[in-house]
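*Asks:* Need the 3D shape of this:
(one chain, ligands or ions: 1)
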Amino acid sequence: MSGKEALDPERIPRHIAIIMDGNGRWATSRGLKRYLGHNKGVEAVREAVEGCVEIGVSYLTVFAFSTENWQRPKSEVDALMSLLVKSLHSEVPTMDRNGVRLSAFGDLDSLPSRARKNLEKAMEQTRHNQRLNFNLALSYSARWEILEAVRKIAEKVEAGMLRPSDISDDILRQNMASWPLPDPELLIRTSGEQRISNFLLWQIAYTELYFTPVLWPDFKRTHLFEAVAEFQRRQRRFGLTDEQIVGQAHLKPARAAIKKTD
Ligand code: FPP
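*Replies:* From the prediction side, this is the model:
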């Protein structure tokens, strides 16, 4: 396993996204209730946040609760919402001290009011921080986000504020719930599943995907560093040829990638 010393500080991904998966299996394999896996998952969130701060990642986005997760048993949904409130209380003071700015995107109006109020408070408390932007995707799905953006754009067209021919990549992005997040360079999914599960579908067009068998509650910052090391071993091409990439040799690959997608 790589330590952070093995990483090239010039090629740290600017934005890492994580699908935190395996909490339920972690708990049931120990004969525990599923919610205890989610509780333990909070420690892994802390590891990921602190790991990102240590190596200088600017944005970390985690899939904390999907639109589909509302269909889980009510007891599990309630446990997750209570855990969100509890975790905001326990984690935000340290995040604030570490220069972490907390944000959230998704259908936030569908959250219980206690969760929404605590979230708003935490976002307000940390909004001046600049070291790491830590984003929670909550009551989120990528298809929901794209549909909402299309609806908003259609309304602007109907109101005469926009012509159909003006609709571009940028216009679509600017109407998405996750705006103004940059595209992630690296997406990590834990627990051995190799799916995207309706997460950031538009934004991951050129993202490097990294799948690890580690269950989310066991995820430590060393696993994050290993994923970044693997990212640094890959050559990102953006549809170009090897020769064209070599032609950009004055830029190291990850930086070239950032420049192209900015
Ligand atoms: C997936 O594991 C995980 C989730 C649905 C929730 C993630 C939540 C946390 C890590 C806790 C911290 C975040 C908040 C919002 C408090 P799973 O239950 O799908 O695992 P399984 O596939 O093994 O059943």
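*Asks:* Straight-line length of stretch 202-215, end to end?
*Replies:* For stretch 202-215, the first-to-last residue distance is 26 Å (C-alpha to C-alpha, to the nearest Å).
*Asks:* now stretch 135-149
*Replies:* Stretch 135-149 stretches 19 Å from its first residue to its last (C-alpha to C-alpha).
*Asks:* That stretch: how far from the chain's middle?
*Replies:* Relative to its parent chain, stretch 135-149 has a centroid offset of 12 Å by C-alpha atoms, centre = their mean, to the nearest Å.
*Asks:* One more: stretch 154-161?
*Replies:* 31 Å.
*Asks:* So which bits of that stretch are buried?
*Replies:* residue 156 (16 or more other C-beta atoms under 10 Å). Glycine gets a C-beta too; all of them are placed from N, C-alpha and C.
*Asks:* which residues are in contact with it?
*Replies:* For stretch 154-161, contacts defined as C-beta atoms under 8 Å, 6 or more residues apart in numbering pick out 162-164, 167.
*Asks:* For the protein, what lies in contact range of the ligand?
*Replies:* Listed as neighbours of the ligand in the chain under the rule C-beta under 6 Å from any ligand atom: 20-25, 38, 41-42, 45, 64-65, 69, 80, 83-84, 87, 216.
*Asks:* In strands, which of those residues appear?
*Replies:* Those of those mapping onto strands are 64-65, per DSSP state E.
*Asks:* could you pull out the helices for the stretch 1-150 of the chain?
*Replies:* Using DSSP state H, counting those that start in this stretch, the helices of the stretch 1-150 of the chain run over 23-28, 34-55, 74-97, 113-126, 142-158.
*Asks:* Among those, which comes closest to residue 200?
*Replies:* helix 142-158 (5.6 Å; C-beta to C-beta).
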